[in-house]
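Visitor: Take a look and give me a structure for this.
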Amino acid sequence: TSHTMMSSNILISPTELADSLLQTTYSANEAKAALDLLCAGLEVYGFHATPMITKHCPRKASAPKTDPRHKGVRYGDGRNNSQFLYCKKCTSYNDPVLAKTYGGIFQCTVIGSFVFPKTNRVLTDHKEVRLTALYPHPTECCNSTLHMNNETGGWAIIPFDFENIIGKSLDRIIDNISGLTSADLGNGNNKYSKLLTSGSQGLPHDRRFFIPIDPLKSPDIMTDDDTSQDIVNNTHGLLDDTFVKEFQQLRTRLTLLLANQRGIETELQFEMPHHPDNVGVCWKPLLTDEQHLSLVNPSVLFGGYMPKREGRVKQLAVNQIPHCDFGAVNGTPLSDNVLLRNKTLPCTVLLPLLDHRTLMIYKDDDDKTVVHEVKANKGELIIFDGDVSHGGYTYMETTPLQLHPCLHFYMYSTLHKSDLSSFDVDVHATCNLAEQFASVLKPNKYMLINKEIPRRIADVDKAYTRLNKAGLLNDAVKQESILAMEELLCFMRNGTRMKLRGTI
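Guide: The predicted structure is shown next:
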């Protein structure tokens with residue numbers, strides 16, 4: 001959706017991951033209570049943490065400290081008197097049930113480390129504890145890699161803790177755009193946002209407003225150098241040192257949340273996706289080409305709105321044209337990319353910032369287009385694979401505008417280098433929903449017809465192939481073949497007429 005493209009090769013270290021959390025130090029009347037608060041704080045990110053600072057990991061309490069099964073459970077890593085945090089769901093310390101589950105193999109899953117500042121020993125009268133390192137760990141640990149629910153067709157809504165993930169770093173932007181009117185955005189001196197124009201192959205372009213957020217700049221980013229971006233940067237303070245740091249940490253927190261929720265920690269940009277002492281079934285060795293995903297092109301994306309037209313018949317709002325964000329690369333569609341087999345597909349992430357956001361998702365079902373209206377509220381994120389056909393919901397204009405802003409990222413893959421400055425229009429869904437998209441189809445109908453007719457001819461060919469195999473006496477297959485031919489002829493006849501109630 002944005003105009004920038006980042007091929008990120010910056011890895012997030014365990015220390016940076018810990019420092020990105022909005023709270024890293026907890027205080028209480030005693031050390032155990034402070035540790036409990038720290039572990040509770042990590043639940044926001046899907047961790048099930050426990051310190052286990054007074055427990056031995058071997059089932060025999062008399063085992064020597066040099067026993068390799070200890071893996072530092074009691075004594076930490078020896079640096080800065082740090083102690084380890086463990087996943088209490090899958091670490092098999094002193095637990096016969098877990099030990100049996102893992103076939104008697106001791107499993108030790110470190111997810112972080114902490115210190116008691118200004119102390120060399122663990123005593124009950126210490127009141128403060130500080131997180132010093134953090135490692136991603138799947139929320140549903142010990143399962144296979146999590147994927148998008150196939151029943152929903154490659155998209156999901158994930159609840160999250162807004163205050164701890166987003167925080168207040170975007171409050172200035174929200175305050176600036178509250179109360180805006182269409183005149184504020186429509187004039188030539190719009191200082192609040194830029195006009196988004198996306199489309200491809202000469203097909204209709206989408207016109208919506210957005211705020212590109214560029215503090216993640218690196219030499220690898222390619223971006224338009226225009227004065228309008230400078231104006232937007234100044235309006236919202238996007239290049240202020242404080243905002244740059246806060247947004248980088250926000251991106252890190254979101255990366256951690258998605259890694260844990262989807263079980264894809266080895267595919268994202270983590271310097272250490274797991275602690276080197278970890279053993280067992282919850283992690284696997286990292287392959288050199290596996291870290292292919294990163295969150296790029298951050299922006300605050302406004303909801304589309306239908307302008308009022310004084311003196312005219314009221315028009316219905318037209319939603320964004322069906323499209324896919326990650327198009328074919330060198331003629332290879334995302335779904336056919338062999339480099340992504342058994343890997344997580346690149347995807348798009350939307351996080352409502354103020355109230356809610358609605359997305360239309362279009363699924364092909366036996367050549368019919370089924371429309372899903374997906375709504376996420378503040379505190380929920382929408383994530384969908386890059387080959388999912390979708391379109392933004394268009395709202396009717398109000399005064400002031402209800403912009404329904406959301407934070408927008410692409411989860412980009414270096415294994416499928418799509419051009420994110422444009423999108424691939426879903427011609428089939430658009431033609432199937434001709435009544436809804438009449439205003440888009442009418443000025444572009446011949447181009448769309450030329451793209452759609454080959455598909456419809458292929459449908460007829462498939463139907464008659466099935467008929468030949470089934471035999472002419474199979475009435476059901478015969479009717480299917482006749483219907484496919486009738487639909488093709490109807491589409492070609494209606495599509496080539498100059499007037500048909502504004503549709504093709």
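Visitor: Tell me the bridge partners for residue 377.
Guide: Going by DSSP bridges, residue 377 is paired in beta bridges with residue 356.
Visitor: Would you quantify the distance from it to residue 258?
Guide: Separation of residue 377 from residue 258 (C-beta to C-beta, to the nearest Å) stands at 19 Å. Every residue, glycine included, has its C-beta placed from N, CA and C.
Visitor: Looking at those two, which has the bigger crowd around it?
Guide: Neighbours per residue, other C-beta atoms under 10 Å: of residue 377 and residue 258, the larger number sits with residue 258, 26 against 12.
Visitor: for the protein, what helix or strand is lowest in average pLDDT?
Guide: Evaluated with mean pLDDT, DSSP states H and E, the helix-and-strand set of the chain has its lowest mean pLDDT in helix 96-101, which scores a mean of 50.
Visitor: Can you name the element that comes right after that one?
Guide: Note on helix 96-101: by DSSP states H and E, the next helix or strand toward the C-terminus is strand 110-115.
Visitor: Next, count neighbours for the nearest residue to residue 16 once chain neighbours are set aside.
Guide: With C-beta to C-beta, 6 or more residues apart in numbering as the criterion, residue 16 has its nearest non-adjacent residue at 6.6 Å, and that residue is residue 252. Here the number of neighbours of residue 252 (other C-beta under 10 Å) works out to 20.
Visitor: wait, is residue 252 part of a helix?
Guide: Yes. According to DSSP: H, G, I helix; E, B strand; the rest coil, the state of residue 252 is that of a helix.
Visitor: what's the distance between it and residue 424?
Guide: Relative to residue 424, residue 252 is positioned 30 Å away (criterion: C-beta to C-beta).
Visitor: repeat for residue 381
Guide: Summarising the geometry, the distance separating residue 381 from residue 424, computed by C-beta to C-beta, is 23 Å.
Visitor: What of residue 369?
Guide: For residue 369 relative to residue 424 (C-beta to C-beta), the value is 16 Å.
Visitor: With neighbour numbers in mind, choose between the two.
Guide: Summary of the neighbour comparison: residue 369 and residue 424, criterion other C-beta under 10 Å, with residue 424 having more neighbours (23 against 18).
Visitor: Surely the more buried one and residue 327 touch.
Guide: Yes. With the criterion set as C-beta atoms under 8 Å, residue 424 and residue 327 qualify as a contacting pair; they are 3.8 Å apart.
Visitor: pLDDT averaged over stretch 233-240, what's the number?
Guide: Throughout stretch 233-240, pLDDT has a mean value of 93.
Visitor: likewise stretch 416-429?
Guide: Stretch 416-429 shows an average pLDDT of 84 in the prediction.
Visitor: quick one, phi/psi of residue 231?
Guide: phi -60, psi -50 (degrees, to the nearest 10).
Visitor: The residue lying closest to it once chain neighbours are set aside: how many residues sit nearby?
Guide: Closest residue to residue 231 apart from its sequence neighbours, by C-beta to C-beta, 6+ apart: residue 191 at 5.0 Å. Using other C-beta under 10 Å, residue 191 has 14 other residues around it.
Visitor: Confirm that residue 191 sits in a helix.
Guide: No. Under the criterion used here (three-state DSSP), residue 191 is coil, not part of a helix.
Visitor: who's in contact with it?
Guide: 231, 232, 234, 235 (C-beta atoms under 8 Å, 6 or more residues apart in numbering).
Visitor: Show me what counts as buried in stretch 357-367.
Guide: 357, 358, 359, 360, 361, 362, 363 (16 or more other C-beta atoms under 10 Å).
Visitor: Equivalent analysis for stretch 340-359, please.
Guide: Buried, per 16+ other C-beta under 10 Å, within stretch 340-359: 340, 343-354, 357-359.
Visitor: Ok, stretch 405-417 next?
Guide: Under the neighbour-count criterion of 16+ other C-beta under 10 Å, stretch 405-417 has 405, 406, 407, 408, 409, 410, 411, 412, 413, 415, 416 buried.
Visitor: Quick one: end-to-end distance for stretch 175-195.
Guide: End-to-end distance for stretch 175-195: 20 Å, by C-alpha to C-alpha, to the nearest Å.
Visitor: returning to what we had before: dump the buried residues of stretch 357-367 into a markdown table; add pLDDT and secondary structure as well.
Guide: As requested, the buried residues of stretch 357-367 are exported to a markdown table (pLDDT from 0 to 100; DSSP: H, G, I helix; E, B strand; the rest coil):
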| residue | pLDDT | secondary structure |
| --- | --- | --- |
| 357 | 93 | strand |
| 358 | 93 | strand |
| 359 | 94 | strand |
| 360 | 93 | strand |
| 361 | 95 | strand |
| 362 | 94 | strand |
| 363 | 91 | strand |
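Visitor: so what's the backbone phi/psi at residue 368?
Guide: Reported as degrees, to the nearest 10, the phi and psi values for residue 368 are phi -100, psi 150.
Visitor: thinking it is in contact with residue 432, fair?
Guide: Yes. With contact defined as C-beta under 8 Å, residue 368 counts as touching residue 432 (6.8 Å).
Visitor: what about these two, which has more around it?
Guide: residue 432 (21 against 9).
Visitor: so what pLDDT did that one get?
Guide: Looking at residue 432, its pLDDT reads 82.
Visitor: Leaving out sequence neighbours, find the closest residue to it.
Guide: Once its chain neighbours are removed from consideration, residue 432 has its nearest residue in residue 369; the separation is 4.1 Å (C-beta to C-beta, 6+ apart).
Visitor: tell me which strands and helices the strand or helix carrying the one you found is in contact with?
Guide: For residue 369, the host element (DSSP H and E) is strand 368-377. Of the remaining helices and strands, those touching strand 368-377 by 3 or more C-beta pairs under 8 Å, 6 or more residues apart in numbering; DSSP states H and E are strand 155-159, strand 347-352, strand 356-365, helix 427-432.
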